[in-house]
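**Q** Predicted model, plus sequence, below.
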Amino acid sequence: MKFSVEAWAPEYGTSMEVINATSEAVVDASVETAPSQWGPVTPSPGRRPPETVLFTDGVRRVDASVWLEGSEGTVRPAICASYSAGAVRCDGRAEVVAADVRRGLFCFPNHDATGISTRYAQYPVCSAGGETPEQLALALQLHMGRLEVSVAECAPADLIVVDGPLTGRLNIPGAVGYVKTHHVAYLPPGLHTVIGKLESGQRTPVFMMTSSTWSKFSWYLRLPGPPGSHWAGVVRCESNADLEVKGVVELADSVTAMLPRFASAGHKDPRAPQNLYPIAGLERQLRRRLGDPALLYRGLREAAMRG
Amino acid sequence: MSESGTGRSPEHVGRVLGTEDSTPLSFWVGLGEDQYLQLDEVVATERPLPGREPVHVYGVVSQVRALHEGARFDSDVFLIEDGVLPGHISEAAQVTVTRVEPEVFVPPLPGIGVRRAEGKERDQALFFDGMDKRLPAGLMRDNEPLFVNLEFLDGTRGAHVNISGISGVATKTTYATFLLYGLFNSGVLGAEAVNTKALIFNVKGEDLLFLDHPNIQLTDEGKDRYRRLGLEAGPFKSAAFYAPPRLGDANAAPDVTTRTEGVTSFFWTLAEFCADELLPFLFADAEDDRQHYTMVIYNVAAKLKLAIALDEGGVQLEGVAIRTFNQLVDFISGRVQDDPDWAGPAIGAGTVNAFIRRLHGAVRPLGRLIRGDVPNAAKHKVQLEQQVTVVDIHNLPDRAKRFVVGVIIRRTFDEKERAGQARPLLFLVLDELNKYAPREGSSPIKEILLDVAERGRSLGVILVGAQQTASEVEGRIIGQSSIRVVGRLDSAEAERGQYGFLRGAHRERVTIIKPGTMMLSQPEIPVPLVLEFPFPAWASRPSEAGKNPTARPAPEDPFEGLPRA
């Protein structure tokens, strides 16, 4: 029996969830190449990678789950969370150029919610669409996304690589979404096999995805790494659908040529090679800046006791 | 260290770290962007206290480090330099506290600003403000003077200097002469400086025979360094030089090759040898109780005391006229073998033979130093008339060195004891202490050095001792020294307990410091301070020697030194 070992450390799952879900999005595979001509694309070697690349990322952490007691004796769930977004600019040296930390009390808005103040931090009220854990988590995710957008906007660069899908961040100009994990098979089965044929540094032709709320250009590319499964080292990139096709193809080439340089090595990152060095470094710094969780937790408990 | 604005005030170099323990004795400072601290720099900070005045904390930088924050693997350095991984260079300095004022021992709080101590603050940090009489001991890394409290040198609260270091690289003797130069010329001794004397034993080359010549290789920059120390560069103004007589030279001309005038030869007459009981100094282990023959030494010495002095320093013993040391040794050997009165009661033949064997061993090394065949012998006696007296023993065999050092020190010590007052001071500079006062065993020379170390403080005799390895020297001598100085040390030696005052980084550094750099420990300052001393303003070899401003006239006898017909 032939098998390959997943490159990611087991606690991170796999870079490719078992894909049996197909996307609801409509895929147009003929944007760059006719589907019958589909095959791996090697960016032309003469292409110069962009000089300044900005990598943005955000991290979030729930510092404590809390129960808000209303004046009429009701008790409602909420979370106190810290989130942060930052950017690394790579232009010969990698430097964290922006990092912003926020905290919030995520709850279904209510007129007597006032925010929480502790010895170490402030948690202003951030409204969520509901009270279920999923809704609270989504609100946190949205706030973090917004912070990411604002961070990305304040640092000019030739190319901005956003960690994760572009959803919610489509309005960052020149941004490319960088997706490490694949939950959904976007391509029809016939074209899907092209992904398995990609060599490191190659990409698939650009395709377009359209759903009821958004439309994006996308392409798959393979990062350098040890041989593994068909999907080892494969990432998917996204860009804004407002671009012209020629521009997107150029962007796809340029990103495909540029990213392998930042791919991480297996002994340094449990999610190698997809977890890029600048993003991993940024993530560590952002986590550090979220503050010590034990200390924040202590502060919250203390504040709760004080009433 | 800074992350997007650490709120630095311009006078601060950094802030106390909160990731390393801050203690009342040592703390770390994270350095601000574009700031640096180097080893040995002096810093100051304040710790506010509720309800009382703040505590001023002063210290000296004892370690500095830099690292990449954000790097987890060694190889991340390449990623960071390639511009792939974000990394931040963080620089921090460890400060060893020297002074806490008022003495409330609380740690400086993380986050408080730390500044370089300059001017008055630096003086406070290093206790210079409380020194009534301060002796310049060198320049610190910031090119500011380092002072030694004279009270710990002149016997008021302590005395003696001990210098350790590898020969040739540690520049021990040069530093000792520099200290003397400072003593005589900085004004720290006041009017006493004129009568204060120094006796230096020159053990290496003829280095010290040009102390009275200006050094023509001293640059203007070098002169400036003297000025920074409050000194005017120049040679020793008042110096006398003694060297052993040349072997086989009937006139006892000094055995020196590089200096032709101004050096007097020294020796002892047989009459002095007998009258002053110098015989025990011929034997390194004369006080060793396990050796039977030591009884013979003292018996014979008592007999020699009865000698009658002849002219030219000869002696007459039991009717026999003796003119040379060889004759004296032969005479003694004959007597101890034949006359039980000389050897002493109940002394076996084996013991007598042991004595004779050792006595004969002294003839070659000491024949030229103990004699009765030169007229006007009095002028060949080492006299401490000038401010500095250099006694050259470098080309003498070990046995002769021990004799010369032992006898001269005993004589000067006895004279000082008789004078009964400590002032003016007498400084004794002696290198190779391990030869004269080794850790193990006992000898007349070691006894006299111990006497100097233990009682010299009250008698005004200050020992400036030096050795390659303090571990080989009698602990009581090192222990009595208030001022300890080390130059470059061998790494195995640096680990020994004798250098307990060097801690951590200092101990590692002492194995690499270059010539002209020393570490000095003095009782008031809890950390050793690193200093550089200026290039000697006096010549240490003929090529450096300028014209001697106090040159003496040519000798009366132009043929001095030539054998007489």
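**A** In hand now; what should we look at?

**Q** Count the residues that sit near residue 216.
**A** With no chain named, the answer covers chain A. Residues near A:Lys216, counting by other CB atoms under 10 Å in any protein chain shown, number 21. Bear in mind the C-beta positions are built from the backbone N, C-alpha and C, glycine included.

**Q** my bad, chain B
**A** For B:Ile216, the count of nearby residues is 11 (other CB under 10 Å).

**Q** The stretch 51-200 of chain A against chain B: which residues are in contact?
**A** A:88, A:90-96, A:99 (CB under 8 Å from any CB of the partner chain).

**Q** Secondary structure element for whichever residue of the stretch 101-250 of chain A sits closest to chain B, which one?
**A** Using CB to the nearest CB, the closest approach of the stretch 101-250 of chain A to chain B is made by A:Val101 at 11.2 Å. Assigned by DSSP states H and E, A:Val101 belongs to strand A:94-107.

**Q** How about that strand, which residues are buried there?
**A** Under the neighbour-count criterion of 16 or more other CB atoms under 10 Å in any protein chain shown, strand A:94-107 has A:94-107 buried.

**Q** just stretch B:348-356 next, same as before
**A** Those would be B:351-352, B:354-356, for stretch B:348-356 by 16+ other CB under 10 Å.

**Q** With distance to chain A, pLDDT and secondary structure as extra columns, can I get the residues you listed in TSV?
**A** Formatted as TSV, these follow (distance: CB to the nearest CB, whole Å; pLDDT from 0 to 100; DSSP: H, G, I helix; E, B strand; the rest coil):
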residue	distance to chain A	pLDDT	secondary structure
B:Thr351	78	86	helix
B:Val352	82	86	helix
B:Ala354	74	86	helix
B:Phe355	78	88	helix
B:Ile356	79	89	helix
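
**Q** can the residues you listed go into CSV with extra columns for distance to B:Asp34?
**A** Converted to CSV, the buried residues of stretch B:348-356 look like this (distance: CB to CB, whole Å):
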residue, distance to B:Asp34
B:Thr351, 78
B:Val352, 81
B:Ala354, 74
B:Phe355, 76
B:Ile356, 78
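
**Q** all strands in the stretch 101-250 of chain A, in order from the N-terminus.
**A** Shown for the stretch 101-250 of chain A, the strands assigned by DSSP state E, counting those that start in this stretch span residues A:116-117, A:122-123, A:125-127, A:159-163, A:175-179, A:207-210, A:215-222, A:234-240.

**Q** Can you give the distance from the fifth one to the centre of its chain?
**A** The reference is to strand A:175-179. Offset of strand A:175-179 from its chain centre (CA atoms, centre = their mean, to the nearest Å): 7 Å.

**Q** And the contacts of the helix or strand of chain B with the lowest mean pLDDT?
**A** Lowest by mean pLDDT, DSSP states H and E among the helices and strands of chain B is helix B:340-343, with a mean of 83. With contacts defined as CB atoms under 8 Å, 6 or more residues apart in numbering or on different chains, helix B:340-343 is touched by B:296, B:299-300, B:303, B:332, B:335-337, B:347, B:351-352, B:355.

**Q** And the furthest pair within those residues?
**A** Greatest spatial distance among the contacts of helix B:340-343 (CB to CB): B:Lys303 and B:Thr351, at 16.3 Å.

**Q** B:Val352 contacts B:Val336, doesn't it?
**A** Yes: counting by CB atoms under 8 Å, a contact exists between B:Val352 and B:Val336, whose distance comes to 5.3 Å.

**Q** so what sits against both of these two?
**A** Common neighbours of B:Val352 and B:Val336 (criterion: CB under 8 Å, 6+ apart): B:296, B:343.

**Q** residues near B:Val169, how many?
**A** 14.

**Q** tell me the SS of it?
**A** coil (DSSP: H, G, I helix; E, B strand; the rest coil).

**Q** Okay, it and B:Asp338: tell me how far apart.
**A** Per CB to CB, to the nearest Å, B:Val169 is found 54 Å from B:Asp338.

**Q** How about B:Ala159?
**A** From B:Ala159 over to B:Asp338 (counting by CB to CB), the distance is 49 Å.

**Q** likewise B:Gly155?
**A** 51 Å.

**Q** do B:Leu180 as well
**A** On the measure of CB to CB, B:Leu180 and B:Asp338 end up 51 Å apart.

**Q** neighbour count winner among those two?
**A** Ranked by neighbour count (other CB under 10 Å), B:Leu180 and B:Asp338 place B:Leu180 first, with 20 against 10.

**Q** So A:Gly190 sits against A:Pro35, correct?
**A** Yes: assessed by CB under 8 Å, A:Gly190 is found in contact with A:Pro35 at 7.4 Å.

**Q** quick one, which of these two is more surrounded?
**A** Shown here are A:Gly190 and A:Pro35; by other CB under 10 Å, A:Pro35 has more neighbours (15 against 11).

**Q** Helix or strand: which one has A:Phe55?
**A** With DSSP H and E as the criterion, A:Phe55 is inside strand A:53-69.

**Q** so for that strand, what's the average pLDDT?
**A** On average, the pLDDT along strand A:53-69 is 92.

**Q** now stretch B:362-380
**A** 86.

**Q** Ok, stretch B:429-440 next?
**A** The model assigns stretch B:429-440 a mean pLDDT of 89.

**Q** Tell me which residues of that stretch come out buried.
**A** Result for stretch B:429-440 [16+ other CB under 10 Å]: buried residues B:429-439.
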